[in-house]
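Asker: structure for the following, please:
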Amino acid sequence: MYLERMEKVRVLMECEGVDVLLLGPSSDIFYLSGYGVKADKRLLLLVLPLKGKPFILANLLYKEQVEAIAAAPLLDSFIYWKDGEDPFGLLKKEVEKRDIPLKRIALEASIPALFTLPLRKCFPGADFVLASELTDPLRQSKDRGELELIRRACRESDRALAAVIDKTIEKDGSYWVGKSEAEFYEALSAEFSRGGLNNFGAGIAVGANAAIPHHVPGNTKIERGKCLLVDFWGRNEGYYSDCTRTFHFGQAEKEFEKIHAIVLEAQEAAQRAAIVGNTLADVDFAARSLIEEAGYGENFTHRTGHGCGIDLHEGDSVNVGVNVILVPGMVFSIEPGIYLPGRFGVRIENLVAMGEQAAEILHSYPRELRIIS
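Answerer: Presented below is the predicted three-dimensional model:
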């Protein structure tokens with residue numbers, strides 16, 4: 001698997017005239033090697049030359065982690081440096097020893113200036129380009145193994161939401177009334193952990209807070225007569241789920257019910273538009289045009305969706321003007337929303353995976369409005 005991915009990257013490197021690819025701890029290095037340890041202030045690089053075997057440069061502290069990666073048998077060697085030593089000089093020496101040309105270097109996008117500036121000094125004659133231009137096209141279409149990891153992440157996230165929301169049934173809908181957004185967040189996080197998912201995150205928003213698309217959960221209490229928007233995500237063995245549902249505690253006002261129905265219709269229309277051969281812009285249009293026709297176009301303030309995989313947000317957006325053609329293996333969210341500032345907001349989100357013709361819906365938790373009395 002990793003050898004195949006590296007060879008595909010090399011094909012693109014040759015097309016773009018790239019001599020060597022330098023990847024730090026990131027989703028790209030995870031994709032090409034399986035290394036998933038977070039970055040720190042010590043230089044760590046996977047060095048993939050156009051010709052010859054790749055190698056890893058790392059601080060000695062990470063010896064056990066780098067030598068345990070799945071792609072280890074494909075590497076030429078592990079080059080270690082100790083605190084107090086110059087890793088950039090060591091990198092230059094190793095590159096020169098291998099006669100790797102350095103006219104054009106592809107550098108992983110999230111490498112910080114702490115490393116990029118010394119690298120530029122180390123290789124002053126090189127033209128630096130973004131490695132994402134090589135890796136993004138490959139990562140956009142997931143293989144069978146990646147899709148199954150995402151499916152499991154979505155199944156577990158559905159289960160976790162059901163386990164938390166269904167606590168309301170235990171006490172006639174009163175369990176969450178009076179509890180805070182933060183308390184709901186903690187309960188959902190615990191369910192994610194119980195299901196084996198990590199990197200949990202969520203936007204839990206009550207009432208008027210739901211009109212803020214990226215609201216951070218706080219101390220606002222869940223109350224009857226107010227909505228509860230739950231946008232939540234987590235990772236299964238390196239691959240994310242992402243889902244949003246909007247509930248209401250107690251009787252909802254007529255406009256809330258109307259808007260929830262519009263958003264649901266828009267979300268379903270966008271899912272139907274997710275057909276191989278259409279574009280991401282077509283999917284966005286299916287949702288956006290319906291919301292505009294209903295008179296709430298100005299209240300739909302964001303893109304319809306985003307790519308998802310190793311990163312929660314990756315690749316191209318589902319948005320106006322993104323004329324990227326849908327192909328099998330693409331995974332992205334469909335999440336239209338309508339937001340009335342100071343009152344409430346509604347968003348409904350599923351992840352979908354493109355099959356041979358149409359989209360596979362990866363979440364099964366009901367999207368219809370649930371009134372918790």
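Asker: may I see the buried residues of stretch 29-37?
Answerer: For stretch 29-37, the neighbour count (16 or more other CB atoms under 10 Å) marks 29-33, 35 as buried. (Glycine included, C-beta is placed from N, CA and C.)
Asker: what's the average pLDDT for that stretch?
Answerer: Mean pLDDT, computed over stretch 29-37, is 94.
Asker: dump the buried residues of stretch 29-37 to TSV, plus distance to residue 76 and secondary structure.
Answerer: Below are these laid out as TSV (distance: CB to CB, whole Å; DSSP: H, G, I helix; E, B strand; the rest coil):
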residue	distance to residue 76	secondary structure
29	16	helix
30	20	helix
31	20	helix
32	15	helix
33	13	helix
35	16	coil
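Asker: need the max-distance pair from those.
Answerer: 31 and 35 (9.8 Å; CB to CB).
Asker: quick check: residue 53 touching residue 75?
Answerer: Yes: with contact defined as CB atoms under 8 Å, residue 53 and residue 75 form a contacting pair (6.5 Å).
Asker: could you export whatever helix or strand residue 271 lives in as CSV, CA atoms only?
Answerer: Using DSSP states H and E, residue 271 sits in helix 254-273. Provided in CSV are the C-alpha atoms of helix 254-273 (Å, rounded to 0.1, in the frame of the first residue of the first chain):
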residue,chain,number,x,y,z
LYS,A,254,-43.5,27.5,13.4
GLU,A,255,-40.6,29.3,11.7
PHE,A,256,-38.1,26.9,13.3
GLU,A,257,-40.1,23.9,12.0
LYS,A,258,-40.3,25.5,8.6
ILE,A,259,-36.5,26.2,8.4
HIS,A,260,-35.6,22.7,9.6
ALA,A,261,-37.8,21.3,6.8
ILE,A,262,-36.1,23.6,4.3
VAL,A,263,-32.6,22.6,5.4
LEU,A,264,-33.5,18.9,5.4
GLU,A,265,-34.9,19.2,1.8
ALA,A,266,-31.7,21.1,0.7
GLN,A,267,-29.5,18.4,2.3
GLU,A,268,-31.4,15.7,0.5
ALA,A,269,-31.3,17.5,-2.8
ALA,A,270,-27.5,17.9,-2.5
GLN,A,271,-27.1,14.2,-1.7
ARG,A,272,-29.1,13.4,-4.9
ALA,A,273,-26.9,15.7,-6.9
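Asker: so for residue 53 and residue 75, which sits in the more crowded spot?
Answerer: residue 75 (19 against 13; other CB atoms under 10 Å).
Asker: and the helices in the protein?
Answerer: 2-16, 27-33, 63-67, 87-97, 113-122, 132-140, 144-165, 167-170, 181-194, 254-273, 280-293 (DSSP state H).
Asker: and among these, the most buried is which?
Answerer: helix 27-33 (a mean of 23; mean count of other CB atoms under 10 Å).
Asker: what does it contact?
Answerer: 2, 5-6, 9, 23, 35-36, 46, 48, 56, 69-71, 108-109, 131-132, 135, 138-139, 238, 309-311, 314 (CB atoms under 8 Å, 6 or more residues apart in numbering).
Asker: give me the low-pLDDT residue ranges for the stretch 151-300 of the chain?
Answerer: Applying pLDDT under 70 to the stretch 151-300 of the chain picks out residues 168-173.
Asker: residue ranges of each domain in the protein, please.
Answerer: 2-139, 141-372 (automatic domain parsing).
Asker: now do the contacts for residue 195.
Answerer: By CB under 8 Å, 6+ apart, the neighbours of residue 195 are 156-157, 159-160.
Asker: how about those residues in JSON lines, adding distance to residue 150?
Answerer: JSON lines is the format used below for the contacts of residue 195 (distance: CB to CB, whole Å):
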{"residue": "156", "distance to residue 150": "11"}
{"residue": "157", "distance to residue 150": "11"}
{"residue": "159", "distance to residue 150": "15"}
{"residue": "160", "distance to residue 150": "16"}
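Asker: now for these: which two are most distant?
Answerer: 157 and 159 (7.3 Å).
Asker: dump the helices of the chain into JSON lines; add distance to residue 201 as well.
Answerer: Output for these, formatted as JSON lines (distance: least, CB to CB, whole Å):
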{"stretch": "helix 2-16", "distance to residue 201": "27"}
{"stretch": "helix 27-33", "distance to residue 201": "16"}
{"stretch": "helix 63-67", "distance to residue 201": "24"}
{"stretch": "helix 87-97", "distance to residue 201": "32"}
{"stretch": "helix 113-122", "distance to residue 201": "26"}
{"stretch": "helix 132-140", "distance to residue 201": "21"}
{"stretch": "helix 144-165", "distance to residue 201": "11"}
{"stretch": "helix 167-170", "distance to residue 201": "21"}
{"stretch": "helix 181-194", "distance to residue 201": "9"}
{"stretch": "helix 254-273", "distance to residue 201": "21"}
{"stretch": "helix 280-293", "distance to residue 201": "24"}
